[in-house]
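>>> Structural data only, the sequence is not supplied:
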């Protein structure tokens, strides 16, 4: 499968635990984006990364959320001390380097907080 | 800041009928515009995109969209809808980011139901 791979597809956490969401971009793509989709809403931009660099994190909550895209391995979105309001679908997208290239999305991780 | 409005939350059409989904955007420069489709439990699939040039763009699955700068619109159309087109449709505008990336701002989506 040459598409964007996200895992896990579903993740259940209790309040206060940590959630780690992984994203492997399409082969050859060097740009990774994370979006969050709350119920009945569209997707909201969270963060844009290139290898080993966070380029724009203007959509990330100021606390508890972090993202990385290491030189080797998938991009990780990490949510510490999760709360009920973090329940959402988190989507990763990837693209080539140029701004006019479309973003290709994974199937998302559905995060549920008990 | 850019924004996207999809005024129709739900639309129901009969199979074989024509379809038009509305999208209005707000953006200070020439926009990058996209339509994506999302089936339940799935990610978003790109239907078509507009960057420049011909204002009528063709996409996959028989969809097309027309960019009208004077109306700040990018409506999606299909001449004959199939039952498999039932899904949620998102319009998005892209803003360039430092580093060459593109920040997408999405509308709230239009849920399409197809009656057989």
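Thanks, I have it. In this text, all values refer to a predicted model and were calculated from it rather than measured experimentally. Numbers count the residues shown, from 1 in each chain, chains lettered A, B, ... in the order given.
>>> my guess is residue A:6 is in a helix, correct?
No: when DSSP: H, G, I helix; E, B strand; the rest coil is applied, residue A:6 is found to be strand, with no helix at that position.
>>> That one and chain B: what is the separation?
Residue A:6 sits 8 Å away from chain B, going by C-beta to the nearest C-beta, to the nearest Å. All C-beta spots, glycine's among them, are computed from the backbone N, C-alpha and C.
>>> mind checking pLDDT for that residue?
We have a pLDDT of 97 for residue A:6.
>>> One more: residue B:31?
Confidence score, pLDDT, at residue B:31: 85.
>>> what's the closest non-adjacent residue to the residue nearest the centre of chain B?
Closest residue to the average C-alpha location of chain B: residue B:35 at 3.0 Å, with C-alpha atoms, centre = their mean. Once flanking residues are discounted, residue B:35 sits nearest to residue B:47: 4.4 Å by C-beta to C-beta, 6 or more residues apart in numbering or on different chains.
>>> isn't the one you found right up against residue B:57?
No: counting by C-beta atoms under 8 Å, residue B:47 does not reach residue B:57; the two are 9.7 Å apart.
>>> any common contacting residues for these two?
Overlap between the contact sets of residue B:47 and residue B:57, as judged by C-beta atoms under 8 Å, 6 or more residues apart in numbering or on different chains, is given by residue B:65.
>>> the more surrounded of these two?
Neighbours were counted for residue B:47 and for residue B:57 using other C-beta atoms under 10 Å in any protein chain shown; residue B:47 has more, 23 against 20.
>>> can you map out the strands along chain A?
Per DSSP state E, chain A has strands spanning A:5-7, A:10-13, A:19-24, A:31-37, A:43-50, A:53-56, A:65-68, A:75-79, A:88-95, A:104-105, A:109-113. These are given in chain order.
>>> tell me the pLDDT at residue 93?
In the absence of a named chain, chain A is used. For residue A:93, the model assigns a pLDDT of 95.
>>> My question was about chain B, not that one.
Confidence at residue B:93, expressed as pLDDT, is 92.
>>> Over to residue B:57?
96.
>>> That one against residue B:63, yeah?
No: counting by C-beta under 8 Å, residue B:57 stays clear of residue B:63, with 9.3 Å between them.
>>> Name the residues contacting each of those two.
The contact lists of residue B:57 and residue B:63 share residue B:48, where a contact means C-beta under 8 Å, 6+ apart.
>>> For residue 3, grab the count of nearby residues.
If you meant another chain, say so; for now it's chain A. Look at residue A:3: counted by other C-beta under 10 Å, it has 15 neighbours.
>>> Please refer instead to chain B.
12.
>>> ok, the closest residue in space to it that isn't next to it in sequence - contacts?
The shortest distance from residue B:3 to any non-neighbouring residue, by C-beta to C-beta, 6+ apart, is to residue B:26 (4.6 Å). Applying C-beta under 8 Å, 6+ apart to residue B:26 gives the contacts B:2, B:3, B:4, B:5, B:72, B:93.
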